[in-house]
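Student: Sequence plus predicted model, see below.
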Amino acid sequence: MKSRIVSAFGAGFFAMCAASGAAAQNVSAMDVTLSTSATAGGLASVLDQLIGIENATRSGRAASRLRRLGLRLDAERARNDTRIMTGADLDALAPPQGNAQWQCLTEALYFEARGEPIAGQYAVAEVILNRVDHAQYPSTLCGVITQGTGRRFACQFTYTCDGLSEEVTDSSAWHRLGNIARIMIDGAPRDLTSGATHYHANWVNPRWASVFPQTAEIGIHSFYRQQ
């Protein structure tokens, strides 16, 4: 003859089940039964099951708290993200202004990425700023951008040493890219390329592309992070 475990153990198990929340409610509905001749080992097995339910419930509550924390962090990042990702909104901003470092970054974006989607333009800005922070590169925007200039095709950014004219002819693109440069210099997030320090167009295959891990692909550019 069988009897329910609640009868065998009394109020103590009611307290445990109450502490187990929603998961325990599901278990309390089950027919957890024992033989009248059940041994101590059998009772211990049932006790272990109930303790396992309690631990699982606690883990579930902890995971739920972590998820809520993650959502709060995501919301905080969103509030702090000053990037403007639509062309119309960028074009509606006041004419951008800045110092020589801003001028260098705007120029680099204009000649390197003006035909790219907006995300790709931000991504190129990320690479340049990441290099400024990297110990193996100059510590200023202009220094990074002009590194190697003067030696044909030996520079870091092709437009500075390809022998072609560097004339700005598209004022609308300059306005948009100048605002992107301003936004990035002012501390916008750099999360599009996972710390990339290099990029190349999809029609070339530089040697370092087989050495550094690729982190992103946006528009015509593939991005890589120097270790």
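Tutor: Looks like it arrived, so ask away. Keep in mind that this is a model prediction, so the values were computed, not measured.

Student: need the helix or strand of this structure with the lowest average pLDDT.
Tutor: Lowest on mean pLDDT, DSSP states H and E among the helices and strands of the chain sits strand 33-35, with a mean of 33.

Student: all helices of this protein, in order?
Tutor: For the chain, applying DSSP state H gives helices covering 5-9, 11-19, 21-28, 40-80, 87-91, 100-113, 118-133, 141-146, 171-185.

Student: Point out where the protein drops to low pLDDT.
Tutor: Residue ranges of the chain with pLDDT under 70: 1-79, 150-154.

Student: Same question for stretch 189-205: list its buried residues.
Tutor: Of the residues in stretch 189-205, R190, L192, T193, G195, A196, T197, H198, Y199, H200 count as buried by neighbour count, 16 or more other C-beta atoms under 10 Å. (Each C-beta comes from the backbone N, C-alpha and C, glycine too.)

Student: Same list (these) but as TSV, adding distance to L105.
Tutor: Compiled in TSV, those are given as follows (distance: C-beta to C-beta, whole Å):
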residue	distance to L105
R190	13
L192	16
T193	16
G195	18
A196	16
T197	15
H198	17
Y199	15
H200	19
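
Student: closest to G87 among the residues you listed?
Tutor: Out of these, the one with the shortest distance to G87 is L192. That distance is 16.8 Å, counting by C-beta to C-beta.

Student: Give me the distance between that closest one and A108.
Tutor: L192 is 16 Å from A108, where distance means C-beta to C-beta, to the nearest Å.

Student: again, but for C142
Tutor: When C-beta to C-beta is the yardstick, C142 and A108 sit 9 Å from each other.

Student: I figured Q227 hits F212, correct?
Tutor: Yes. Under the criterion of C-beta atoms under 8 Å, Q227 is in contact with F212, at a separation of 6.9 Å.

Student: Out of those two, name the residue with the larger neighbour count.
Tutor: The residue with more neighbours, out of Q227 and F212 and counting by other C-beta atoms under 10 Å, is F212; that gives 16 against 7.

Student: beta partners of the nearest residue to that one once chain neighbours are set aside?
Tutor: Nearest residue to F212 in three dimensions, chain neighbours excluded: Y224, at 4.0 Å (C-beta to C-beta, 6 or more residues apart in numbering). When bridges are assigned using DSSP bridges, the partners listed for Y224 are H198, Q214.

Student: so who does Y224 touch?
Tutor: The neighbours of Y224, taking C-beta atoms under 8 Å, 6 or more residues apart in numbering as the test, are A196, T197, H198, Y199, W208, A209, F212, P213, Q214, T215.

Student: now do L192
Tutor: By C-beta under 8 Å, 6+ apart, L192 lies in contact with A119, Y122, A123, E126, A216, I218.

Student: ok, now which ones touch the closest residue to V132 other than its chain neighbours?
Tutor: When the adjacent residues along the chain are set aside, V132 lies closest to V144, with 5.6 Å between them (C-beta to C-beta, 6+ apart). With contacts taken as C-beta under 8 Å, 6+ apart, V144 has the following neighbours: I128, R131, V132, Y137, P138, Q156.

Student: Ok, V124 next?
Tutor: Shown in contact with V124 (C-beta under 8 Å, 6+ apart): A108, L109, E112, A113, E116, Y199, H221.
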